[in-house]
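Got a predicted structure here, sequence first:
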Amino acid sequence: MGNLVVRDLTPVFGAEISGLTPKIPLDSETLGELRKLFDEKALLVFRDIDVDRPFQQYLSYAIINRDPPAQDPTVNPKRESVVSNKVENAIAPVGRLLWHSDMMWSGEACELISLYGLEIGQPAPPTMFVSAAHAWKTLPDDLRARAEHHEAQHVHDISYERSGGDADVLTAQFDDDDCVSMPIAHRHPRTGETLLYVCQQMTSAIVDLPKAESDELLETLFEHIYAPENVFAHQWRKDDLVMWDNLALQHARANVQAEGPPRTLRKTFAPMPAWLKTHLPQFARAGAD
Ligand SMILES: [Fe+2]
């Protein structure tokens, strides 16, 4: 295994990797190991690693075997590409994030997301992960039979409806009504795995089912996917680099408070969704006046 030391984070997904020296380009043996690990584990965590944006972006594209864009694809010139409760115009600045895969509503697959801990005060609210691939594999037969031939509709954000009265849930408003319908049994474009492809934050309905039946089936699928024993929580420290497969895994976030300790994470997408370069969602807590 070259110089990399690998430790499983859960029996199902996730690996913590040490021994990586950030440099561009990485040697082909190291890249090959990282690509294999990423396809097998879907979540890679590097700790105490000194990473600048060019390397973070390079590694994000290299791991999924794509050429990086010629220019730094800043999320949007008007918005900082950091998740932060302290930086002005940051992404998702406060609140609790419901379970989702970024851009699920667009049909434009964002394969890999990375976050790097720039400034982390403690206690830092964690980022949580579950495996949509594992959820499909372990789906009980009766549920599979009910779900597998249907499509689900994904919209920008239905966090308000799904907030369960939690005023801290973060909602996002968009300047268009884009949505997409995709098979619930969704084939991963790179690994070929079948994913249980519905999420709490964006999946509005199961196509062709009456609303009550659709709501009930979605709720049952969510209970299966997000069962506590399936969740891995990453506890942030400064200089953590966390990279994950945005299709194979879903993520969520515990509540972040504006007045809480600083929590600033540099974010990259690979490939960079074109939509994000020209749109600015507006964020608000579900309980905002
Ligand atoms: Fe996200």
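Nice, I can see it. Predicted model, so just to flag it, every value in this text is computed and none were measured. Residues are numbered from 1 along each chain as shown.

Show the pLDDT at the residue lying farthest from the centre of the chain.
The outermost residue of the chain, judged against the average C-alpha position, is Pro210 (29.6 Å), by C-alpha atoms, centre = their mean. Turning to Pro210, the model gives it a pLDDT of 97.

could you point out where the chain is predicted with low confidence?
Along the chain, segments meeting pLDDT under 70 span 1-2, 71-80, 289.

mind redoing it with 50?
Counting by pLDDT under 50, the chain has low-confidence residues at 1.

ranges for the helices of it?
28-41, 53-63, 132-137, 141-147, 159-162, 211-225, 274-278 (DSSP state H).

and of those, who's closest to Val256?
Among those, the nearest to Val256 by C-beta to C-beta is helix 159-162 (14.4 Å). Every residue, glycine included, has its C-beta placed from N, CA and C.

pull the CA atoms of that closest one into CSV?
Backbone C-alpha positions of helix 159-162 (Å, rounded to 0.1, in the frame of the first residue of the first chain) are rendered in CSV as follows:
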residue,chain,number,x,y,z
SER,A,159,-36.6,21.4,4.5
TYR,A,160,-39.4,23.5,5.9
GLU,A,161,-42.0,20.8,5.5
ARG,A,162,-39.6,18.2,6.8
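
quick one: contacts of it?
Outside helix 159-162, the residues within contact range by C-beta atoms under 8 Å, 6 or more residues apart in numbering are Leu98, Val169, Leu170, Thr171, Ala172, Gln200, Gln201, Ala286.

Now do the same contact list for the first one.
Right, Leu98. Ser159, Arg162, Ser163, Val169, Cys199, Gln200, Gln201, Ala252.

and it, how far is that from Arg7?
29 Å (C-beta to C-beta, to the nearest Å).

which stretches of the stretch 101-250 of the chain form strands?
For the stretch 101-250 of the chain, the strands defined by DSSP state E, counting those that start in this stretch occupy 112-120, 127-131, 151-154, 170-173, 180-183, 185-187, 194-196, 203-206, 232-234, 241-245, 249-256.

Next, format those strands as JSON lines and append distance to Thr268.
What follows is those, written out as JSON lines (distance: least, C-beta to C-beta, whole Å):
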{"stretch": "strand 112-120", "distance to Thr268": "5"}
{"stretch": "strand 127-131", "distance to Thr268": "15"}
{"stretch": "strand 151-154", "distance to Thr268": "22"}
{"stretch": "strand 170-173", "distance to Thr268": "19"}
{"stretch": "strand 180-183", "distance to Thr268": "23"}
{"stretch": "strand 185-187", "distance to Thr268": "23"}
{"stretch": "strand 194-196", "distance to Thr268": "22"}
{"stretch": "strand 203-206", "distance to Thr268": "25"}
{"stretch": "strand 232-234", "distance to Thr268": "16"}
{"stretch": "strand 241-245", "distance to Thr268": "9"}
{"stretch": "strand 249-256", "distance to Thr268": "14"}
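
Could you identify which of the ones you listed is most buried?
Among the strands of the stretch 101-250 of the chain, the stretch with the highest mean neighbour count (mean count of other C-beta atoms under 10 Å) is strand 241-245, at a mean of 25.

What helices and strands are in contact with it?
Under the contact criterion of 3 or more C-beta pairs under 8 Å, 6 or more residues apart in numbering; DSSP states H and E, strand 241-245 touches strand 43-46, helix 53-63, strand 112-120.

closest one to Asp240 among the helices of the chain?
Comparison of the helices of the chain against Asp240 by C-beta to C-beta identifies helix 53-63 as nearest, at 11.7 Å.

Contacts made by the closest one with the rest, please.
22-26, 31, 34-35, 38, 44, 51, 67-68, 72-73, 112, 114, 116, 241, 243, 266, 268-271.

can you do 7 Å?
With contacts defined as C-beta atoms under 7 Å, 6 or more residues apart in numbering, helix 53-63 is touched by 22, 24, 26, 31, 34-35, 38, 67-68, 72, 112, 114, 116, 241, 243, 266, 268, 270.

same check, this time on stretch 213-222
Leu143, Arg146, Ala147, Leu196, Val198, Gln200, Thr203, Ala205, Ile206, Leu209.

want to throw the residues you listed into TSV with distance to Ala133?
Below are these laid out as TSV (distance: C-beta to C-beta, whole Å):
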residue	distance to Ala133
Leu143	16
Arg146	19
Ala147	15
Leu196	8
Val198	14
Gln200	17
Thr203	17
Ala205	23
Ile206	20
Leu209	24
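
Tell me the one of those nearest Ile120?
Top of the list for closeness to Ile120, among the contacts of stretch 213-222 and by C-beta to C-beta, is Gln200 at 25.7 Å.
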